[in-house]
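>>> 3D model of this:
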Amino acid sequence: MNASAVVIGASGRIGAATEAALIDEGAYGRVYGFARSRSGVDHLDILDEHSIAAAALRVAAGPAPSLVIVATGYRASAEASVADLDRDRMAEGFAVNAIGPALVAKHFLPLLEKSGTPVFAMLSARDASLTDNRLGGAYGYRASKAALNMLAKTLAIESTRSGQRAAIVAIDPGTGPDPERTALQLLDAIEGLGIRDSGKFLSWDGTEIAP
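All right, here's what the predicted structure looks like:
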C-alpha cells in the first residue's frame, strides 16, 4: 500500500486546497486532514498536545506517512510600531506558529516512512527573514515565524544525527489570491526535496530564502 500524506490545518485556505490537491492526485494510499474546526477523529487543536497525540495515534495505524504538512498559522493585526505590542496576542502567535508545530513534530516525526526521503514541511513566511526585513512592523508574526524556521533547522540536525532520512523544511507558500494554485506550487516544491534540503527555509518555488 502506498504511503499516506497528512495535512494539519486542513480547514484553512491553503490547508484545504492542499488536502484537496493531494486527494485529487491520488498518489497516496491515504490522505489525512486534521483541523481544530473538525470533529471526531479529524479534530486536531494545534494548542492542545493531547489532540495532537490522538491524531498521531490514528495515523500510526498506517500506512506510514511520507509527507506531513503543517499548514497552521496565526497573524493578528500587524503591529506598526513597538507601541502596538500586546502580550496576549504575541503569546498566541508564538503558540500557534512555533510551539504547536514543534509538538506536531514531536508526535509525527517518529511515524514517517522509513524508506526514501519523507518530507515534514511547516508553512512559514518570507516575513521571517532577517535579511529580507526592510519594512519593520509585524513584530509578533515575524518573530514567531522566525522561531519556526529555527525549529526546522534544529529538528533537521537531530533527524540527521539519528539516522532518519527526512527532509524537514520551513516553506513560504506565497501570497497569491488563488489557494488552489498556491497548493499546487507548494506540492511541486515539496516533490523536489531531498535530504540535502533538510533544515532549509524555502520559497514556494523551491529556492532558498536568506535567514
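>>> residues near Leu68, how many?
Residue 68: Val, not Leu. Look at Val68: counted by other CB atoms under 10 Å, it has 26 neighbours. Glycine gets a C-beta too; all of them are placed from N, C-alpha and C.
>>> Show the contacting residues for Gly140.
Going by CB atoms under 8 Å, 6 or more residues apart in numbering, Gly140 touches Ala76, Glu79, Leu85, Arg89, Met90, Gly93, Phe94.
>>> now do 10 Å
Neighbour list for Gly140: 74-79, 84-87, 89-94, 97 [criterion: CB atoms under 10 Å, 6 or more residues apart in numbering].
>>> How about Tyr28?
Going by CB under 10 Å, 6+ apart, Tyr28 touches Met1, Asn2, Ala3, Ser4, Ala5, Val6, Leu22, Pro63, Pro65, Ser66, Leu67.
>>> make it 7 Å
With contacts defined as CB atoms under 7 Å, 6 or more residues apart in numbering, Tyr28 is in contact with Asn2, Ala3, Ser4, Ala5, Leu22.
>>> Grab the nearest non-local neighbour of it.
The spatially closest residue to Tyr28, leaving aside those adjacent along the chain, is Ala5, at 4.4 Å (CB to CB, 6 or more residues apart in numbering).
>>> okay, now the spatially closest residue to Asp188 that is not a sequence neighbour: neighbour count?
Excluding the flanking residues, the one nearest Asp188 by CB to CB, 6+ apart is Gly206, at 7.6 Å. Using other CB under 10 Å, Gly206 is surrounded by 18 other residues.
>>> So Gly206 lies in a strand, does it not?
No - assigned with DSSP: H, G, I helix; E, B strand; the rest coil, Gly206 falls outside any strand and is coil.
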